[in-house]
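Enquirer: I would like to see how this sequence folds:
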Amino acid sequence: MNLRNFLYICLCFVTLFANAQTRELREKANDAKRNGNLKVALSLYTALIDQLDNNDPRLVEAYGNRAYCNKHLGNYSIALSDYDKAMENANSKYQDILKLNKSDLMILLGLYSDAEKL
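Expert: Residues are numbered from 1 along each chain as shown. The predicted structure follows:
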């Protein structure tokens, strides 16, 4: 086996290990959110976001779920920012869900005209 093949195999193992860790973190975060442990879910989604590449499509879901947690924990400005980050790369179906959740938060904050523009 030459060095090039060896390095390729090593890279494959590292990638598989990283994907397994990311998948496990996502599952734990989703379980915590489902069970109402929003503070735990918030920290897990933050860790997940930190692990993902900027162009990873899973960031949309992670930011959207973190926004949900922040909204329900009263961290409204952070939730608005997370909704914006999620909407940057979301497909049209998920975009609509994010807009609905963001507009709900804006109405809660009394930002009626901004909510209408979404």
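Enquirer: Please make it C-alpha for all contacts and neighbour counts, starting now.
Expert: Noted.
Enquirer: which residue sits closest to Trp112, ignoring its sequence neighbours?
Expert: Quick fix: residue 112 reads Tyr, not Trp. With sequence-adjacent residues excluded and distances taken as C-alpha to C-alpha, 6 or more residues apart in numbering, Tyr112 is closest to Met106, at 6.6 Å.
Enquirer: list the contacts for that neighbour?
Expert: Listed by C-alpha atoms under 8 Å, 6 or more residues apart in numbering, the contact partners of Met106 are Tyr112, Asp114, Ala115.
Enquirer: is it true that the last one touches Ile107?
Expert: In other words, Ala115. Yes - counting by C-alpha atoms under 8 Å, Ile107 is a contact partner of Ala115 at 6.4 Å.
Enquirer: So which of these two has more stuff around it?
Expert: Ala115 (18 against 14; other C-alpha atoms under 10 Å).
Enquirer: give the contact list for the more buried one.
Expert: By C-alpha under 8 Å, 6+ apart, Ala115 lies in contact with Lys102, Ser103, Asp104, Met106, Ile107.
Enquirer: Equivalent analysis for Glu61, please.
Expert: Contacts for Glu61 (C-alpha under 8 Å, 6+ apart) come out as Ala86.
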